[in-house]
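**Student:** When you get a sec, could you give me coordinates for this:
(one chain, ligands or ions: 1)
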Amino acid sequence: MNSGLLAKWAWRYKTEAGRLWRKVISSIHFDPKHGNFLPSKKGLSCVWNNIVRKEAALKKDNIHLNRLMKGSVGNGKEVQFWTDTWASNISFQYLFPALFSLEKYKGCMVSDRLRAPGPVDRIEWQWHRAPSSNAELTELNGVVAILAQISITNQEDNWTWQAEDLGTFTVKSVRKIILNTNTVPCDFIFEWNRWIPRKVNIFGWRMNLDRLPTRCALEKRHIPIPSTLCPLCNEANETVEHLFTSCFVCSIVWQMVSSWLSIPPIYAYTVRDILGLHKDMAGSDAKKMIIHAILVIACWGIWKLRNEVVFSRKRIDIARLIADIKASSYLWVKNRAKLFSVEWVNWLEFDFV
Ligand SMILES: [Zn+2]
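**Tutor:** The predicted structure is shown next:
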């Protein structure tokens with residue numbers, strides 16, 4: 001089965017909840033204890049399981065159907081809380097992996113966890129045991145911060161296809177994505193930012209040209225490496241695009257950076273989406289340049305963390321990474337941009353521009 005057709009079935013599964021075929025598939029394959037973007041009962045040989053397998057194969061090529069289909073939650077009855085993408089640019093399953101492993105019903109719906117309607121005031125968790133480790137509590141803070149911005153209504157949920165402006169699925173757009181992931185033209189010029197150090201600018205320039213020594217880049221140059229998988233998540237091949245737009249680490253970073261800067265959630269499909277984000281922001285040129293500086297510093301921080309994991313076997317500590325991004329950007333931008341009156345507390349609130 002070709003990828004376009006597969007994607008169409010996945011799209012129909014999500015958007016045709018009331019149809020008979022979908023109810024049949026759901027009753028055979030869906031098990032609330034096992035969360036998957038598309039349900040699949042192992043061991044059955046059937047057309048549906050072939051579809052699900054193909055979806056997993058596409059993921060290895062960095063094409064994530066569950067990110068291309070975004071649920072817009074009304075009553076939350078048709079959107080899966082952990083495994084669908086809805087409140088963020090990545091599903092909670094990947095954004096909050098420690099919590100996901102504590103969840104009792106990994107296939108639960110948004111409506112199973114959030115009370116309807118109105119703003120979320122209580123979340124009805126069902127854990128195997130309560131979150132207690134540092135990583136679990138950090139993730140819990142993260143998910144609660146995201147959920148605080150969600151309102152459950154009486155409307156039905158609906159879905160948008162992220163690869164088309166109109167939000168409706170087309171097979172053509174799937175083919176385009178597959179072509180694009182194989183050949184990436186580079187006509188975007190990296191903007192040198194005079195408020196960050198030269199080494200960080202050089203990093204940004206190399207990242208934009210896809211010249212960082214990621215595992216996939218090394219493999220292309222026939223340098224022996226143990227694996228091409230991303231050292232941070234072990235979920236997908238490590239490319240520049242993956243590290244900075246779809247890995248769970250960067251997803252949490254973008255979530256936290258956008259809430260720190262009070263800018264809309266960052267949805268990036270390419271590195272250039274991040275490097276060009278400031279251009280569409282409201283506000284003064286100085287503010288745009290500070291945001292650009294922070295985004296490049298954040299990418300640099302992710303790359304440093306990745307190197308620490310690979311070369312020094314350090315643990316992934318996202319809270320520390322965020323703290324580093326805030327501190328380095330304060331130190332560098334404040335002095336270079338001559339924002340001498342800006343105090344650390346103003347920087348943490350980002351309320352001076
Ligand atoms: Zn990754």
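**Student:** check contacts around the nearest residue to residue 194 once chain neighbours are set aside.
**Tutor:** Nearest residue to residue 194, sequence neighbours excluded (CB to CB, 6 or more residues apart in numbering): residue 336, at 6.6 Å. The way it works is simple: take the backbone N, C-alpha and C, and place the C-beta from them, glycine included. Residues in contact with residue 336 (CB atoms under 8 Å, 6 or more residues apart in numbering) are 194-196.
**Student:** Same list, these, but as TSV with distance to the ion please.
**Tutor:** Shown next, in TSV, are the contacts of residue 336 (distance: CB to the ion, whole Å):
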residue	distance to the ion
194	31
195	29
196	25
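**Student:** Among these, which are located in helices?
**Tutor:** Nothing among those maps onto helices, per DSSP state H.
**Student:** how about these in CSV, adding distance to residue 224 and pLDDT?
**Tutor:** What follows is these, written out as CSV (distance: CB to CB, whole Å; pLDDT from 0 to 100):
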residue, distance to residue 224, pLDDT
194, 40, 94
195, 40, 95
196, 34, 95
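**Student:** which one is residue 256 nearest to, not counting chain neighbours?
**Tutor:** That would be residue 322: by CB to CB, 6+ apart, it lies 5.2 Å from residue 256.
**Student:** ok, the helix or strand harbouring that neighbour near the ion or not?
**Tutor:** Using DSSP states H and E, residue 322 falls within helix 318-336. No: interface with the ion: helix 318-336 contributes nothing (CB under 5 Å from the ion), its closest point being 12.6 Å away.
**Student:** gap between the longest helix belonging to the chain and the chain center?
**Tutor:** Once the chain is assigned using DSSP H, the helix that runs over the most residues is helix 285-312. Relative to the chain's own centre, helix 285-312 is displaced by 16 Å; criterion: CA atoms, centre = their mean, to the nearest Å.
**Student:** Just the angle for that helix relative to helix 318-336, thanks.
**Tutor:** Between helix 285-312 and helix 318-336, the angle comes out at 140 degrees (axes from the mean of the first three to the mean of the last three CA atoms, to 10 degrees).
**Student:** buried ones in helix 285-312?
**Tutor:** For helix 285-312, burial by neighbour count (16 or more other CB atoms under 10 Å) applies to 287-303, 305-306, 308-309.
**Student:** That helix - contacts with which helices or strands?
**Tutor:** If contacts are counted by 3 or more CB pairs under 8 Å, 6 or more residues apart in numbering; DSSP states H and E, helix 285-312 sits against helix 198-208, helix 248-261, helix 271-275, helix 318-336.
**Student:** And the first one, what's buried?
**Tutor:** So the one you mean is helix 198-208. Buried residues in helix 198-208, counted by 16+ other CB under 10 Å: 200-201, 203-205, 207-208.
**Student:** pretty sure residue 257 is touching residue 296, no?
**Tutor:** No: in this structure, residue 257 is not within contact of residue 296 by CB atoms under 8 Å, at 11.5 Å.
**Student:** about what we covered before: who does the helix or strand following the helix holding residue 322 touch, helix- and strand-wise?
**Tutor:** Downstream of helix 318-336, the next assigned helix or strand under DSSP H and E is helix 344-349. Under the contact criterion of 3+ CB pairs under 8 Å, 6+ apart, helix 344-349 touches helix 318-336.
**Student:** any idea of the angle the helix it packs on forms with helix 248-261?
**Tutor:** 50 degrees.
**Student:** Could you break this protein into its assigned domains?
**Tutor:** Per the record, the chain has its domains at 3-173, 184-349, by automatic domain parsing.
**Student:** And the last one, how far out from the chain middle?
**Tutor:** In this case it means domain 184-349. The answer for domain 184-349 is 14 Å, by CA atoms, centre = their mean.
**Student:** quick one, what contacts the residue nearest to residue 139 when sequence neighbours are not counted?
**Tutor:** Ranked by CB to CB, 6+ apart and with sequence neighbours excluded, the top spatial neighbour of residue 139 is residue 96, at 4.2 Å. Residue 96 makes contact with 139-140, 142-143 under the criterion CB under 8 Å, 6+ apart.
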